[in-house]
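Enquirer: what would the 3D arrangement of this be:
(one chain, ligands or ions: 1)
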Amino acid sequence: MRIFIDLWWFFKQERLKYSLGVLFLMLSSFLSLIPPHVVGVLVDDIRTKSLTPVLLGKWILFLVIIGVIYYFTGFLWRQLIFGSSIILANQLRNDLYKHFTKLSPNFFQKRRIGDLMAHATNDVNAVQGAAGEGILTLVDSMTMGTMVIMTMSALISWKLTIITLLPMPIMVMLTMYYGALLHKRFGRAQAAFSDLNDKVQENVSGVRVIKAFGEEKAQIKMFQNASRDVVNKNIAVAKIDSLFDPTITFIVAICYFLALIFGAKYVVEGSMTIGGLTSFTLYLGQLVWPMLAFGFLFNIVERGSASYDRIRKLLAIKPEITDKKGASAKIPSGAVEYAIPRFHYPESAAEVLSDIQIKVEQGQTLGIVGKTGAGKTTLLRLLLREFDLQEGKLCIGGTSISDVTLEALRSAIGYVPQDHILFSATIAENIAFAKPEATREEIERVAKLASIHEDILHFKEGYETIVGERGVTLSGGQKQRISIARALLAHPEILIFDDSLSAVDARTEVSILQALKRERSNKTTLISAHRLSAVEHADLIIVLEEGKIIEQGTHEDLIEQHGWYAEMYAHQQLESLVSEGGQKA
Ligand code: ADP
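Expert: Okay, the predicted model is just below:
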């Protein structure tokens with residue numbers, strides 16, 4: 001029952017709704033006690049032949065009025081209690097979402113997306129169940145049960161009540177036992193379902209790879225196995241579920257049996273009327289639900305409490321990167337200065353960067369090249385403060401990036417990542433992602449700069465074409481250019497291209513680079529690339545190898561140095577000559 005204490009803050013927040021809800025629920029229970037009594041009175045009136053049509057009419061009218069009130073109270077308590085539980089679910093889901101947006105990218109690298117989604121769906125639903133059905137079963141099993149038993153013993157016969165209810169504790173024990181079993185098996189079924197979810201998610205997003213490698217059969221087999229596992233575990237749940245009803249029916253039958261045997265004896269002896277016995281059996285029927293509710297209560301509460309713990313654990317995870325106390329909210333601008341003796345990622349001790357000393361003046365372009373795994377992305381992600389430095393400093397305009405708020409820092413930066421994310425929205429909305437108030441002219445202007453305008457006009461709905469998961473399929477190069485347009489629109493102080501020109505052809509690359517030069521004459525740009533042509537024009541180019549700067553200077557300097565850069569440049573020149581030759585042939 002700890003969940004009710006844990007959720008006390010919410011019951012307090014919605015105290016009016018909950019108090020009224022419980023009040024109406026109790027009123028409903030009370031009202032349902034009246035009809036059996038009336039039926040008993042009528043039976044006795046029939047037996048003694050004192051029932052007149054007028055009297056019958058009055059009783060019927062009374063029952064109709066009770067029925068109507070019951071209808072309204074029933075509606076009200078459902079509305080109030082279940083309505084509040086939906087508010088709780090909404091609140092928890094929003095808290096989780098807000099929390100997710102605060103956590104650092106590192107967190108999302110470590111957690112399975114399916115698992116995070118399960119928290120926001122399954123777990124929130126289970127807590128909602130505790131705040132809705134949990135309260136209902138708690139109130140019903142306690143008040144309704146007590147009221148029925150009290151009515152039976154006070155109005156009819158306490159002796160018969162005790163005799164009849166003798167088997168009830170057995171039922172309570174059995175339902176609690178089944179509840180515990182069910183909980184365990186239900187947990188396993190949910191876990192199996194989670195796995196199945198993950199498989200579907202992976203398979204659907206990786207369907208092209210699966211098809212390309214002809215792995216459909218193996219994947220179908222794997223899916224069938226996972227699916228069978230879910231079925232088996234759910235059948236195990238259903239087995240326990242199907243024990244509930246027969247057990248209850250059996251025990252209730254014994255109760256009825258006892259009621260009739262002993263009731264008939266009392267009627268014959270004259271200590272009870274037939275009407276009284278009739279009412280008694282009707283009340284007995286009304287006891288079944290509170291008893292059942294008692295069994296359910298354990299089930300619901302246990303599930304809700306386990307899920308609430310999971311949610312709380314997730315909410316308790318502190319964001320690794322937060323604003324320092326007294327951090328400035330002023331958007332930084334000026335030279336970008338790296339002075340990092342050493343850097344390693346939080347989870348591994350391996351040094352990823354060492355001895356990094358770079359200064360990029362405002363308005364300059366920095367080119368970063370090097371083999372895969374050399375540390376190019378790491379260098380750029382540090383500027384976004386996705387990770388904090390263990391040693392050294394990273395400054396913009398002389399201010400350490402940890403001395404400004406994350407919001408200010410990120411407002412200063414436009415980032416085009418390697419893997420471009422387009423949202424399920426129109427192209428225009430995707431470009432205007434960071435500046436939703438942008439006019440169509442502004443959007444088109446940056447689209448032209450990113451050399452994507454013409455492509456967009458070719459789509460049937462132009463800028464209104466929906467892209468993303470459920471939209472048109474775009475080529476990698478088109479997605480890349482939309483991401484570039486998105487970053488350009490905000491006209492950031494610092495623009496980061498993380499190998500963002502890899503999927504565009506050489507001619508488009510040239511036209512984008514020229515546009516960048518024109519547009520961003522007094523702003524800083526950082527470009528990492530595999531193709532050296534993307535950084536050729538940069539004011540400073542650094543060559544990274546295993547996290548160290550092994551060469552640096554302008555394109556001309558580096559060619560003269562006859563090192564890695566010069567060699568790579570010659571190699572890539574040759575490659576492009578060959579490929580152009582190939583195209584002409
Ligand atoms: P590049 O962009 O030049 O290909 P990266 O900066 O992505 O190189 O990677 C540099 C090194 O850092 C690699 O050895 C890579 O395995 C490691 N690395 C990258 N991201 C992480 C991470 N989140 N945790 C631990 N190591 C990482």
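Enquirer: pull the helix or strand with minimum mean pLDDT from this protein.
Expert: Using mean pLDDT, DSSP states H and E, the weakest-scoring helix or strand in the chain turns out to be helix 113-118, at a mean of 76.
Enquirer: put the alpha carbons of that helix into PDB.
Expert: Provided in PDB are the C-alpha atoms of helix 113-118 (Å, rounded to 0.1, in the frame of the first residue of the first chain):
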ATOM      1  CA  ILE A 113      15.200   3.800 -26.600                       C
ATOM      2  CA  GLY A 114      12.600   1.000 -26.200                       C
ATOM      3  CA  ASP A 115      13.200   1.000 -22.400                       C
ATOM      4  CA  LEU A 116      12.800   4.800 -22.100                       C
ATOM      5  CA  MET A 117       9.600   4.600 -24.200                       C
ATOM      6  CA  ALA A 118       8.400   1.800 -21.900                       C
END
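Enquirer: what residues sit buried inside that helix?
Expert: 114, 116, 118 (16 or more other C-beta atoms under 10 Å). Using the backbone N, CA and C atoms, a C-beta is placed for each residue, glycine as well.
Enquirer: check which helices and strands that helix sits against.
Expert: Packing partners of helix 113-118 (3 or more C-beta pairs under 8 Å, 6 or more residues apart in numbering; DSSP states H and E): helix 168-205.
Enquirer: how about 10 Å then?
Expert: Counting contacts by 3 or more C-beta pairs under 10 Å, 6 or more residues apart in numbering; DSSP states H and E, helix 113-118 is packed against helix 168-205, helix 274-316.
Enquirer: now the angle from the first one to helix 274-316?
Expert: Relative orientation of helix 168-205 and helix 274-316, computed by axes from the mean of the first three to the mean of the last three C-alpha atoms, to 10 degrees: 40 degrees.
Enquirer: pLDDT of the next helix or strand after helix 168-205, averaged?
Expert: Tracing the chain C-terminally past helix 168-205 and defining elements by DSSP states H and E, one meets helix 207-212 next. The pLDDT scores in helix 207-212 average 87.
Enquirer: which outside residues touch helix 207-212?
Expert: Residues outside helix 207-212 that contact it (C-beta atoms under 10 Å, 6 or more residues apart in numbering) are 202-204, 206, 215-216, 218-220.
Enquirer: for the ligand, state which of these is nearest.
Expert: For those, the residue nearest the ligand by C-beta to the nearest ligand atom is E202; the value is 20.5 Å.
Enquirer: so for stretch 426-437, mean pLDDT?
Expert: Per-residue pLDDT over stretch 426-437 has a mean of 90.
Enquirer: dump that stretch to CSV, restricted to CA.
Expert: Listed next in CSV are the C-alpha coordinates belonging to stretch 426-437 (Å, rounded to 0.1, in the frame of the first residue of the first chain):
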residue,chain,number,x,y,z
THR,A,426,7.1,19.8,-43.7
ILE,A,427,10.5,20.7,-45.3
ALA,A,428,9.8,24.3,-44.4
GLU,A,429,9.2,23.4,-40.7
ASN,A,430,12.3,21.3,-40.7
ILE,A,431,14.4,24.1,-41.9
ALA,A,432,12.8,26.5,-39.5
PHE,A,433,13.3,24.1,-36.6
ALA,A,434,15.4,26.4,-34.5
LYS,A,435,13.6,29.6,-35.6
PRO,A,436,9.9,28.7,-36.0
GLU,A,437,9.0,32.3,-36.6
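Enquirer: ok but I550 is inside a strand, no?
Expert: Yes - counting by DSSP: H, G, I helix; E, B strand; the rest coil, I550 falls inside a strand.
Enquirer: nearest residue to it other than its sequence neighbours?
Expert: Spatially, and ignoring its direct neighbours in sequence, I550 is nearest to V543 (5.3 Å; C-beta to C-beta, 6 or more residues apart in numbering).
Enquirer: likewise R531?
Expert: Leaving out its chain neighbours, R531 is closest to Q572 (C-beta to C-beta, 6+ apart), at 6.5 Å.
Enquirer: next, the contact list for the one you found, please.
Expert: 530-533.
Enquirer: among those, which one sits closest to the ligand?
Expert: Taking the contacts of Q572 together and measuring to the ligand by C-beta to the nearest ligand atom, the closest member is H530, at 9.0 Å.
Enquirer: helix or strand: which one has the residue nearest to R531?
Expert: helix 564-584.
Enquirer: just F343 next, same as before
Expert: Assigned by DSSP H and E, F343 falls in strand 336-344.
Enquirer: quick one: mean pLDDT over that strand.
Expert: Rounded to a whole number, the mean pLDDT of strand 336-344 is 92.
Enquirer: and that strand, what's buried?
Expert: Buried residues in strand 336-344 (16+ other C-beta under 10 Å): 336-338, 340, 343-344.
Enquirer: what helix or strand is the residue nearest to K199 when sequence neighbours are not counted on?
Expert: Take K199 and drop its neighbours on the chain: the residue closest to it by C-beta to C-beta, 6+ apart is A226, 5.2 Å away. Following DSSP H and E, the helix or strand that holds A226 is helix 216-269.
Enquirer: for I163, same thing?
Expert: Assigned by DSSP H and E, I163 belongs to helix 158-165.
Enquirer: got it, and T101?
Expert: Using DSSP H and E, T101 falls in helix 53-102.
Enquirer: so which elements touch that helix?
Expert: With 3+ C-beta pairs under 10 Å, 6+ apart as the test, helix 53-102 has helix 8-13, helix 15-31, helix 34-47, helix 105-110, helix 124-129, helix 135-139, helix 274-316 packed against it.
Enquirer: how close does the residue nearest to I550 sit to H571?
Expert: 14 Å (C-beta to C-beta, to the nearest Å).
Enquirer: what about the residue in the stretch 101-250 of the chain positioned nearest to the ligand, how many neighbours?
Expert: The ligand sits closest to Q109 of the stretch 101-250 of the chain, with a gap of 5.6 Å, by C-beta to the nearest ligand atom. The tally of other residues near Q109 (other C-beta atoms under 10 Å) stands at 9.
Enquirer: from what I see, it and R381 are in contact.
Expert: No - between Q109 and R381 there is no contact under C-beta atoms under 10 Å: 11.4 Å.
Enquirer: common neighbours of these two, please.
Expert: Y345.
Enquirer: and the residue lying closest to K233 once chain neighbours are set aside, how many residues sit next to it?
Expert: Sequence neighbours aside, A189 is the residue nearest to K233 in space, at 4.1 Å (criterion: C-beta to C-beta, 6+ apart). As a burial measure, A189 scores 21 neighbours (other C-beta under 10 Å).
Enquirer: repeat that for V64.
Expert: V64 has 10 nearby residues by other C-beta under 10 Å.
Enquirer: quick check: closest non-adjacent residue to the closest residue to the ligand within the stretch 201-350 of the chain.
Expert: The ligand sits closest to Y345 of the stretch 201-350 of the chain, with a gap of 3.3 Å, by C-beta to the nearest ligand atom. Of all residues not flanking Y345 in the chain, V352 sits nearest, at 6.2 Å (C-beta to C-beta, 6+ apart).
Enquirer: doesn't that neighbour lie inside a strand?
Expert: Yes - using three-state DSSP, the assignment for V352 is a strand.
Enquirer: surely it meets P346?
Expert: No - at 11.1 Å, V352 does not count as touching P346 under the criterion of C-beta under 10 Å.
Enquirer: ranges for the strands of the stretch 401-550 of the chain?
Expert: Here the stretch 401-550 of the chain has its strands, by DSSP state E, counting those that start in this stretch, at 413-416, 494-498, 524-528, 540-545, 548-553.
Enquirer: if we can go back for a sec, please see if the helix holding Q572 touches the ligand.
Expert: No - applying C-beta under 6 Å from any ligand atom, one finds helix 564-584 separated from the ligand by no less than 13.5 Å.
Enquirer: domain parsing for the protein?
Expert: Annotated domains of the chain cover 2-315, 350-584 [automatic domain parsing].
Enquirer: save the ones you listed as JSON lines, and put in distance to A329 too.
Expert: Supplementary listing: the domains of the chain in JSON lines, determined by distance: least, C-beta to C-beta, whole Å:
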{"stretch": "domain 2-315", "distance to A329": "17"}
{"stretch": "domain 350-584", "distance to A329": "5"}
